[in-house]
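Student: Please work out how this folds:
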Amino acid sequence: MRYRSRVTAPAAALIGTAAVLAGGNAAHADGRTDGAPAPETLGDPVFPNLGNAGYRVAAYHLDLSYDATTALVDATATLELHTTQALTRLSLDSLGLEIRTVRVDGRTAAFEQAEEKLRITPARALRARERVTVCVTYTADPRRALAHTAWVPTPDGFAICPQPDSAHTVFPCNDHPSDKARFSFRITVPTALRAVANGSLVCTEALAGDRTAYTYRSRSPIATELVQITVGDYVVKERRGPHGLPLRDVVPVARAEALEPALALTPGLVEWLEARLGAYPFETYGLLPCNSDDPKAFDFTGLETQTLTLYKPNFLLQPEPKIGSHMMHELVHSYFGNSVSPATWADLWLNEGHADFYGLLYRYERGWADSLGLTTMEARMKDTYARGDQWRATSGPVAAPNAANLFDSQRYLGGVLVLYALRQLIGEDAFHTVERTFLARYRNSSASTEDYVAIASKVGGPDVSGFLRDWLYGTTTPRMPGHPDWTVTPAPPSLTAPRRRADARWHENSATL
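Tutor: Numbering: from 1, shown residues only. Got it, this is the predicted structure:
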């Protein structure tokens with residue numbers, strides 16, 4: 001589907017544009033041909049059209065201005081790139097954005113929007129290993145109907161939920177978790193509203209016209225799917241966590257008092273998790289109960305946008321035994337998913353399996369029964385083990401999802417079962433060594449399933465590569481170490497043609513809910 005197509009540039013820059021857009025190289029006056037159009041994919045096995053090659057993004061600087069009357073956002077996205085090859089053209093992921101201008105190193109560039117790509121042809125070819133600045137001005141409508149979107153409109157503004165592949169409906173980007181970058185945000189809003197983004201507040205400016213600009217910066221790189229930008233009638237509540245960790249919650253003013261019991265749980269959650277996984281990896285943490293009661297606003301209870309977890313507000317109004325386990329799940333993502341991001345979307349089980357693993361441990365330590373009425377990890381894993389072959393038939397192996405089943409229970413509880421089996425095999429002490437070593441080795445970067453297998457085999461004792469690959473990629477469920485009596489329920493032939501939800505982006509399969 002073609003959403004919009006436009007080409008613009010000064011006459012000199014348009015020479016050869018047709019050949020470039022058709023895939024040809026840039027021809028110079030001396031007959032020399034340098035570079036080529038960058039591939040418009042990073043070859044992700046789940047989302048093959050996502051991401052773009054030929055460069056890496058070092059930083060994004062997003063300058064957004066929200067108009068409360070029109071509910072539109074005027075924006076400038078400035079990207080600092082490092083080219084990895086000579087380029088006559090590069091592309092960014094972009095959907096639903098009204099692009100006005102594109103400049104490369106300060107010079108107007110030709111551009112075209114086709115499907116979910118913004119193709120950019122600089123006025124001159126780019127050399128390999130060159131630092132390049134790309135500046136895109138555009139307008140976004142948070143209420144625009146699209147095939148998929150990160151925008152969450154609210155009565156007083158918006159929030160965003162980019163996971164897995166919708167950040168590029170908010171800003172043009174290389175929308176893949178393997179290309180993490182630094183982020184800064186400047187968000188201008190009516191003074192009656194508050195704007196918040198990932199990281200820490202570094203500047204507040206009072207502007208003419210009764211408007212205020214808020215600037216935020218993150219110390220650590222962020223994957224595009226983890227960006228959070230929100231505008232609304234919010235109050236920011238600050239407190240201290242373990243070792244003085246700054247905690248900030250962004251709360252709808254009208255619900256601040258009612259939400260306080262849930263917000264007050266965070267310091268204890270951080271303390272429990274730090275004892276198992278080490279120091280919290282970022283400069284701050286907090287919750288964002290989005291100011292919307294629309295059950296269709298987004299398809300999950302919580303989303304681990306970096307340093308500021310997005311929640312449905314009514315979920316957090318429940319008693320602690322109803323919410324504590326899932327609050328732990330989302331906090332775990334600060335380590336698995338945020339600090340260490342998946343190399344591809346096929347590695348999602350590393351995020352969700354770990355988040356459910358520690359979320360369930362936290363639940364059972366506190367004596368809270370789970371959704372099945374079970375009160376121990378062993379009992380829940382025995383139940384999950386019995387479902388193993390059925391889930392492999394309907395959802396594929398744990399580490400081999402597709403776009404339709406990406407967020408099935410196999411990535412959550414199926415991932416927990418893999419981790420439980422590994423712990424059963426190598427013992428609890430060795431298992432904790434594997435976990436901490438993996439987090440330390442890949443902090444602030446991305447890691448694959450094979451990276452985890454390699455760490456487990458190197459520091460977990462014996463070579464467990466074959467053991468883990470059977471659990472992660474096998475079509476049948478292996479024997480569970482230490483539990484020879486556990487049995488698997490055979491998958492009936494009818495499960496080879498599984499039924500799918502109409503919305504494959506459904507996120508509500510966490511066992512911690």
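Student: how many neighbours does E40 have?
Tutor: 21 (other C-beta atoms under 10 Å). C-beta here means a position set from N, CA and C on the backbone, and glycine is covered the same way.
Student: in what helix or strand does it lie?
Tutor: Counting by DSSP states H and E, no helix or strand carries E40.
Student: what's the answer for L259, then?
Tutor: helix 256-263.
Student: buried ones in that helix?
Tutor: 259, 262-263 (16 or more other C-beta atoms under 10 Å).
Student: which one is N49 nearest to, not counting chain neighbours?
Tutor: T41 (6.0 Å; C-beta to C-beta, 6 or more residues apart in numbering).
Student: and the one you found, what does it touch?
Tutor: By C-beta atoms under 8 Å, 6 or more residues apart in numbering, T41 lies in contact with 48-53.
Student: how about a cut-off of 7 Å?
Tutor: 48-49, 51, 53 (C-beta atoms under 7 Å, 6 or more residues apart in numbering).
Student: quick one on the thing from earlier: which member of the buried residues of helix 256-263 is positioned nearest A197?
Tutor: Checking the buried residues of helix 256-263 against A197 by C-beta to C-beta gives L263 as the nearest, at 19.1 Å.
Student: nearest residue to the closest one other than its sequence neighbours?
Tutor: D249 (4.8 Å).
Student: and what of D105?
Tutor: T133 is the one closest to D105 (C-beta to C-beta, 6+ apart), at 5.6 Å.
Student: Kindly confirm my reading that the one you found is in a helix.
Tutor: No: judged by DSSP: H, G, I helix; E, B strand; the rest coil, T133 forms no part of a helix; its state is strand.
Student: Quick check: beta-bridge partners of it?
Tutor: Listed by DSSP bridges, the beta-bridge partners for T133 are E80.
Student: Pull the number of nearby residues for it.
Tutor: 15.
Student: Likewise for G35?
Tutor: 22.
Student: my read: it touches T83, true?
Tutor: No: the pair G35 / T83 is not scored as a contact, 9.0 Å apart, by C-beta atoms under 7 Å.
Student: shared neighbours of the two, anything?
Tutor: Counting by C-beta under 7 Å, 6+ apart, the residues touching both G35 and T83 are L126.
Student: count of neighbours near the residue lying closest to D463 once chain neighbours are set aside?
Tutor: Counting by C-beta to C-beta, 6+ apart, S457 is the residue found nearest to D463 once chain neighbours are left out, at 4.8 Å. For S457, the number of neighbouring residues by other C-beta under 10 Å comes to 17.
Student: any idea how far A447 is from S457?
Tutor: 14 Å (C-beta to C-beta, to the nearest Å).
Student: and if you look at P261?
Tutor: 36 Å.
Student: Give me the most central residue, this structure.
Tutor: E225 (3.2 Å; C-alpha atoms, centre = their mean).
Student: Check for me that it belongs to a helix.
Tutor: Yes: counting by three-state DSSP, E225 is located in a helix.
Student: how about R107, what does it touch?
Tutor: R107 is in contact with A123, counting by C-beta under 7 Å, 6+ apart.
Student: confidence score at it?
Tutor: As predicted, R107 sits at a pLDDT of 98.
Student: hey, what's it bridged with?
Tutor: V104.
Student: Determine the set of other helices and strands touching the helix or strand containing D356.
Tutor: Using DSSP H and E, D356 sits in helix 348-365. Packing contacts for helix 348-365, counted by 3 or more C-beta pairs under 7 Å, 6 or more residues apart in numbering; DSSP states H and E, involve helix 266-277, helix 320-332, strand 340-342, helix 377-386, helix 409-426.
Student: tell me the most buried of the ones you listed?
Tutor: strand 340-342 (a mean of 26; mean count of other C-beta atoms under 10 Å).
Student: and it, how far from the chain's centre?
Tutor: 9 Å (C-alpha atoms, centre = their mean, to the nearest Å).
Student: and for it, what are the contacting residues?
Tutor: 177, 180, 223, 348, 350-351, 439, 442-443, 446-447.
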